[in-house]
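S.K.: no letters, just coordinates:
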């Protein structure tokens, strides 16, 4: 205990001081040379937007809870922090800030703008993360836009290319016209909306009848290459192999059959265009149909569209429908629900274009990915199904090339003479092929090369994080690989989780991590997912300024993996109140711990423990076991709530109140020392359990409790160091006592009822009571109450406590009869004073007894009944003194009090 006085209030502004101390003393730095088992956390590198949001708070709290807990369990924990800098979000923001498009300025200049913005944003988010008290090892920080990281990404590209897992091909790809780049299927989001199903006549090109088709995309008529029907559809069987004419474009296309056609949708006849959706791609490949490119990279109609060339997709759709209607080809329109694929960043509807792109051969890896996922521990287990379902639904390989600028360059050139792909050596990395040339000639002898201007998908950077944090490609990376755990949101299972498993298997043959913990999303107080468009976003810094980081951490920890979490100010406020409750309890305890003799023999102290000491210590150890199990299962909500309930109610409300009488005594004997031992044990153990959740608050109490100076935190002596250097509590089995817990619960309930009695009678809690007799109907409870007798007496300041079996001998007596003047005056008039005088001067018990027996009492000829008076009654015990009774039905007890 420190000699200095503990402040009256806990000020959460002091959190910043502790954060500075932790950083200054490298408290969380990973030491690979330590003789302790490693625990490696593969952390998600966020896009540096400049500001963390409430979702980040939840995400990183999970990692921080795990990291802090594992350190206390004796592990050397690697908890790094990275930044996934590349990709569309940064480029889009730079274009917005500078009012330009990416190609309006030289590539180097645009990239410089992106780096400048990203560097600034990283610093802002780093400051916010440290303000939340997250315990990353910042000496292990990685940034994907640095040359060091790009070297690793490019090396992984070369290795997978050499292994035949990366290839270049002409293939339909998902294309975002706004971002002007290919995107992977995992980056396509689907949005439901309402559109029109348009019924169009395709005239016959011979004597046969035409076909009525239904389409939601008439703007793609110019790219129609066939009409397809179901082979068993009798309406069209006679037309199979015949041709019809594409309206407005007067081009013949064949009618073919395929079992994937739904005869019930629309007319049962579908136009195949290149490309409206994935099914079109399947049919084109299956039947070797022509490819007509009607849309360019910006979403503008091309020459093949005739009079509609140069129009946007929306303009073309409007104008074509008008012309179809004028020419009589449009027969009707009906509303229909539509699931539209859109770019996950800018929300623009995607198109399918045919492009020469770079791909990862996903299909070759699918079985290995499935096996690896099955071998991992998933929390919750059902999140594994999302990955398996995604893996099984992959129709196309992963397109990894992007038509952007701010990203890792694809390290490739092409020979101008023969088209051969030229790759650099590993020792030449990192490089930008647009800024240098190959170091050797082509095998054809050519010396003129064209640089690849496309760049890599940002997931190519972030999908090697377990390897990067382990030090790959250095041979000793295997010391830290695979990671112990991957923690992430469920929204990126099909991207980050899937791609990381794929890449680790491809590059090392091993799965990247052993466990996966998945957190949910944060919802606003309106019940909807937080979003700027809804206006329900709460900024973390706003909460921290008002209530501190620890109160916000308590809110976020009240969650379980996989479940979405609603944000509510009242929950943060509740955590804030809890911390202040604990602080006040600590201040009280700390004042008395000066009297605690640390030289006491614990074995002797334990033998002298009182019933309520045994109760609170048994409960403490039961809690240690429960919280440890909850942490193992990442059930942070149960762990937090169990700790909070125990501290708030069992310890603060019940135990501390029950032992005050043992503390305020000059007797330094066994009873007082046992109480101080118990208080000291509960405080210290509870602090360790709570420290991963509220690191600043527990460090502050530990600082006063242990008496160390902040500059001593660099020392190795745990007695002088941070609470975060302490060990995680273990269950002291000798102190787990179920019978003591039963006895304690009885004592706590009786004491609580007596406290409630005093409060209801507006009596200060320290007001003495003359006598209390507790009557028990059960032999067991009777025996327990006798054990608790001294605690009940001392806690509630009772002069005499008796424990008895059976029921109290009490009777109800009338102590006052009050005339009702509203009845007596009007009825008895002049006789009223006589009646009132009689009632006030005679024995109220006898008056009441007479009225009860006779129905009235005769007062000088006036019959006064129960309607003319009101009576006051009270209970008296066998001694004749006034008593109060408390009925405790759950324990089948009656408490008789004499005040």
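M.R.: Looks like it came in fine. All values derive from a computational prediction rather than experimental measurement.
S.K.: which residues of the stretch 501-650 of the chain fall in helices?
M.R.: 540-547, 549-557, 569-592, 602-607, 611-632, 636-645 (DSSP state H, counting those that start in this stretch).
S.K.: what does the last one rub up against?
M.R.: Meaning helix 636-645. 62, 65, 554, 557-560, 578, 623, 626-627, 630-631, 686, 689-690, 693 (C-beta atoms under 8 Å, 6 or more residues apart in numbering). To be clear about C-beta, it is placed using only N, CA and C from the backbone, and glycine gets the same treatment.
S.K.: next one: the fourth one
M.R.: Contacts made with helix 602-607 from outside it, assessed by C-beta under 8 Å, 6+ apart, are listed as 670, 673-674, 677, 734-735.
S.K.: so what secondary structure elements neighbour the helix or strand of the chain with the lowest mean pLDDT?
M.R.: Every helix and strand of the chain was ranked by mean pLDDT, DSSP states H and E. The lowest is strand 181-183, at a mean of 79. Judged by 3 or more C-beta pairs under 8 Å, 6 or more residues apart in numbering; DSSP states H and E, strand 181-183 is in contact with strand 166-176, strand 351-360, strand 401-402.
S.K.: so how far is the shortest one from its chain's centroid?
M.R.: Same thing as strand 401-402. In terms of C-alpha atoms, centre = their mean, to the nearest Å, the centre of strand 401-402 is found 32 Å from the chain centre.
S.K.: just checking: what are the partner strands of the next helix or strand after it?
M.R.: Using DSSP states H and E, the helix or strand that directly follows strand 401-402 along the chain is strand 413-415. With DSSP bridges as the test, strand 413-415 is paired with strand 421-422 (antiparallel), strand 449-451 (antiparallel).
S.K.: contacts for the helix or strand containing residue 125, please.
M.R.: Per DSSP H and E: residue 125 is located in helix 107-131. For helix 107-131, contacts defined as C-beta under 8 Å, 6+ apart pick out 15-16, 19, 23, 46, 48-52, 56, 60, 81, 83, 85, 90-91, 93-94, 97-98, 100, 102, 105, 136, 138, 143, 145, 405-406, 434, 540-541, 544, 549.
S.K.: quick one: buried residues of that helix?
M.R.: Residues of helix 107-131 classed as buried by neighbour count (16 or more other C-beta atoms under 10 Å): 110-111, 113-115, 117-118, 121-122, 125-126, 128-131.
S.K.: between those, which is nearest residue 251?
M.R.: residue 110 (41.7 Å; C-beta to C-beta).
S.K.: next one, pLDDT for the closest one please.
M.R.: You'll see residue 110 listed with a pLDDT of 94.
S.K.: ok, now residue 1?
M.R.: At residue 1, the pLDDT value in this model is 43.
S.K.: go on, residue 156?
M.R.: Note on residue 156: pLDDT of 98.
S.K.: do the same with residue 795
M.R.: Residue 795 carries a pLDDT value of 92.
S.K.: before we move on, what about the one 10 residues further on?
M.R.: You'll see residue 805 listed with a pLDDT of 93.
S.K.: check contacts around it.
M.R.: Neighbour list for residue 805: 775-777, 779, 782 [criterion: C-beta under 8 Å, 6+ apart].
S.K.: buried residues in stretch 821-833?
M.R.: For stretch 821-833, using 16+ other C-beta under 10 Å, the buried residues are 823-824, 828, 832.
S.K.: what lies in contact with it?
M.R.: With C-beta under 8 Å, 6+ apart as the test, stretch 821-833 has contacts from 835-836, 860-862, 864, 867-868.
S.K.: most neighbours out of those residues, which is it?
M.R.: Most neighbours among those, by other C-beta atoms under 10 Å: residue 864, with 25 neighbours.
S.K.: quick one: average pLDDT of stretch 30-46?
M.R.: Stretch 30-46 comes out with an average pLDDT of 92.
S.K.: quick one: end-to-end distance for that stretch.
M.R.: Terminal residues of stretch 30-46 lie 21 Å apart, using C-alpha to C-alpha, to the nearest Å.
S.K.: ditto for stretch 600-619
M.R.: The first and last residues of stretch 600-619 sit 23 Å apart, counting by C-alpha to C-alpha.
S.K.: pLDDT averaged over it, what's the number?
M.R.: Average pLDDT, stretch 600-619: 91.
S.K.: for that stretch, buried residues please.
M.R.: Along stretch 600-619, these residues count as buried under the neighbour rule (16+ other C-beta under 10 Å): 605-606, 609-619.
S.K.: ok, back up a step: okay if I get the contacts of residue 805 as JSON lines plus pLDDT and neighbour count?
M.R.: Listed next are those as JSON lines, based on pLDDT from 0 to 100; neighbours: other C-beta atoms under 10 Å:
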{"residue": "775", "pLDDT": "94", "neighbour count": "22"}
{"residue": "776", "pLDDT": "94", "neighbour count": "23"}
{"residue": "777", "pLDDT": "91", "neighbour count": "13"}
{"residue": "779", "pLDDT": "93", "neighbour count": "9"}
{"residue": "782", "pLDDT": "95", "neighbour count": "17"}
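S.K.: of those, which belong to helices?
M.R.: When the contacts of residue 805 are checked against helices (DSSP state H), the matches are 779, 782.
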